[in-house]
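> could you work out the structure for the sequence below:
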Amino acid sequence: MKAPLLRLLHLAHRWLGTASGVLILAWFVSGLVMLYVPFPKLDTDERVSRQAVLQPDALAVSPAQAATACPGKLRGARLAMAHGRPVYHFTGTEAACSVWADTGAPVVVTPELARAAAQAFLPGAKLGTAEPIERDQWTIYSTYRPHRPLLRIPVDDAAGSVLYVSSRSGEVVAHTTRFERGWSWLGTVPHWLYFTPLRGDDTSLWRQLVLWLPVPALLTVAAGLALGLQRLRLRRRYPRGQVTPYRGWKRWHHLLGLGVGGLAFTWLLSGWLSNHPFGLLEFSGLPKGAAQRLAGVAFSPEDDLALLKRQLTAAPGGREAEPALPVPPQTLAGMISAIEGQPVAQAELIHEADLYHYGRRNPAVLPAVRIRLADPEQTTWYIDPASGRVLGRVDAANRLHRWVFNGLHRLDFPPLGALPTLRDGLITLLCLLGAALATSGCVIGMRRLRRRRPQ
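Presented below is the predicted three-dimensional model:
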């Protein structure tokens, strides 16, 4: 390597590393925290487990009749119990809508009803005052948009719980604890820059930060890899048989860089690409109007109240049901073919996950209709047959994203995907090594900055 280029690499690695070293360290540490403590979110299993058992005899209105009380197109429905009464929770294209299943009247969410929902969610807990909010640090996701404004209710319990009740449906949609919130400040929040001021209705500043902050980090690691390989001697070794010319912190930095520097680069690169900078690794979305066409045609709420009652009676102990007519795979296949303008190669009902429709922390929706088109990209749709809800659409761009991000960033590829304990252990080890690499770089950088020039 020529001297001028070598000098340039040294300067780039030194000063870019000094500027971005703490950021790289934060990403490794926060990524490790996220592996064990995800961002607070109320998953389906916890929500359903806290609901009362369905009472079929209390039903007096069919789902189809109740749906007429909700404006706009509907995409799905759930039947549950609230305050001792059956209620239909409809998912709309704009906002959630709930209707009492014993009277057909829309649910009107009052502070008293919200407190009653929170009390049923945490029986016996001492509740604070319900405070209406648009969003806070723990409700920044767009999935809460149909339920805004939310009613935030603090709970005086050992876990330091806070509940969030939908102002549209009256159900608890989020549950956080002091443990989750505390660790998320070291995990998801710094890792993805999920700070409330950056994640409001206008996310343009957040987009710019996640676009440009990783760039100096990537250049730092790339320059370090080049220098590390240039300084490595496996045959004509340095004095005392050393493969590195450095001592102390610099020696550990060199050896750790050779060991996990490549992984650090792929992690930084795949994390950066997940935000689709300059259109790179961008998802292919649904064809224009596809969701509305499927929502308006595929979702068909049950109109036979007697049949629904018999179905619920035949499954005693159920806490939630999706009262909709199942859509046959061939019907969905015809709709997808019309939307895409391509013939269907295969349409089937799958009962097991595959490489593109699977769950990580939450199980995948199964059974699901898998529809593969006869186009050059073998575009594949996954649809919930109970509601017609689109679960996923995979083409060449989405497959690339799945392997670059999920594969490189999360080590989510066979056979590790089927061995979660081994995968988590490997990620933990690599994160600790990456953090050690970044720590050594930070120490070297601080020592450089503190070094006084000779007078």
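
> give the contact list for residue 304.
When contacts are counted by CB atoms under 8 Å, 6 or more residues apart in numbering, residue 304 touches residue 62. Heads up, the C-betas are built off the backbone N, CA and C, glycines and all.

> measure it to residue 57 for me?
Distance, residue 304 to residue 57, using CB to CB, to the nearest Å: 16 Å.

> which stretches in this structure count as strands?
74-82, 85-92, 97-100, 126-127, 131-133, 150-156, 162-166, 172-176, 344-350, 368-373, 380-383, 390-394 (DSSP state E).

> quick one, which of those strands is nearest to residue 322?
strand 74-82 (5.9 Å; CB to CB).

> how far away is residue 61 from residue 309?
For residue 61, the distance to residue 309 - CB to CB - is 12 Å.

> please disregard the earlier target; I meant residue 129.
Taking CB to CB, one finds residue 129 at 39 Å from residue 309.

> and these two? which has more neighbours close in?
residue 309 (15 against 10; other CB atoms under 10 Å).

> these two touch, right, the more buried one and residue 59?
Yes: applying CB atoms under 8 Å as the test, residue 309 and residue 59 come out as touching, 5.9 Å apart.

> quick one: low-confidence ranges for the chain?
By pLDDT under 70, the low-scoring segments of the chain are 1, 291-299, 452-455.

> walk me through the domains of it.
As given by automatic domain parsing, the domain ranges for the chain are 3-37+204-281+420-450, 108-184.

> could you tell me the end-to-end distance of the last one?
Start-to-end span of domain 108-184 (CA to CA, to the nearest Å) is 34 Å.

> residue 138 - how many residues pack around it?
Other residues near residue 138 come to 22 when the count uses other CB under 10 Å.

> contacting residues for it?
Under the criterion of CB under 8 Å, 6+ apart, the neighbours of residue 138 are 39, 40, 162, 164, 174, 176, 181, 184.

> grab the nearest non-local neighbour of the fourth one.
Spatially, and ignoring its direct neighbours in sequence, residue 164 is nearest to residue 174 (3.8 Å; CB to CB, 6 or more residues apart in numbering).

> chain neighbours aside, what residue packs nearest to residue 330?
Residue nearest to residue 330 in three dimensions, not counting chain neighbours: residue 347, with 6.1 Å by CB to CB, 6+ apart.

> and that neighbour, what are its bridge partners?
With DSSP bridges as the criterion, residue 347 is bridged to residue 371.

> which residues touch it?
Counting by CB under 8 Å, 6+ apart, the residues that residue 347 touches are 329, 330, 332, 333, 369, 370, 371, 372.

> pretty sure the residue nearest to residue 164 is touching residue 139, no?
Yes: if you go by CB under 8 Å, residue 174 and residue 139 touch, sitting 5.8 Å apart.

> which neighbours do those two have in common?
150, 164.

> restricting to C-alpha, output stretch 212-221 in PDB.
Taking C-alpha atoms only, stretch 212-221 is exported to PDB below (Å, rounded to 0.1, in the frame of the first residue of the first chain):
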ATOM      1  CA  TRP A 212     -26.100  10.100   7.900                       C
ATOM      2  CA  LEU A 213     -25.000   9.100  11.400                       C
ATOM      3  CA  PRO A 214     -23.900   5.500  10.300                       C
ATOM      4  CA  VAL A 215     -21.800   6.900   7.500                       C
ATOM      5  CA  PRO A 216     -18.700   8.000   9.500                       C
ATOM      6  CA  ALA A 217     -19.000   4.700  11.500                       C
ATOM      7  CA  LEU A 218     -18.900   2.700   8.300                       C
ATOM      8  CA  LEU A 219     -15.900   4.600   7.000                       C
ATOM      9  CA  THR A 220     -14.200   4.200  10.400                       C
ATOM     10  CA  VAL A 221     -14.600   0.400  10.300                       C
END
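
> other residues contacting it?
With contact meaning CB under 8 Å, 6+ apart, stretch 212-221 is reached by 12-13, 16-17, 19-21, 23-24, 27, 193, 261, 264-265, 268-269, 271-272.

> and for stretch 281-294?
Contacting residues not belonging to stretch 281-294 are listed as 73, 75, 93, 273-274, 276, 335, 339-340, 383, 388-390, 393, 395-398, 400-401, 404-405 [CB under 8 Å, 6+ apart].

> 6 Å instead?
Residues from elsewhere that reach stretch 281-294 (CB atoms under 6 Å, 6 or more residues apart in numbering): 273, 276, 339, 388, 393, 395, 397, 398, 401, 404.

> so where do the helices sit in the stretch 301-450 of the chain?
Along the stretch 301-450 of the chain, counting by DSSP state H, counting those that start in this stretch, helices occupy 305-313, 329-340, 396-401, 410, 420-450.

> is it possible to get TSV of those that adds distance to residue 197?
TSV is the format used below for the helices of the stretch 301-450 of the chain (distance: least, CB to CB, whole Å):
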stretch	distance to residue 197
helix 305-313	46
helix 329-340	39
helix 396-401	28
helix 410	28
helix 420-450	27
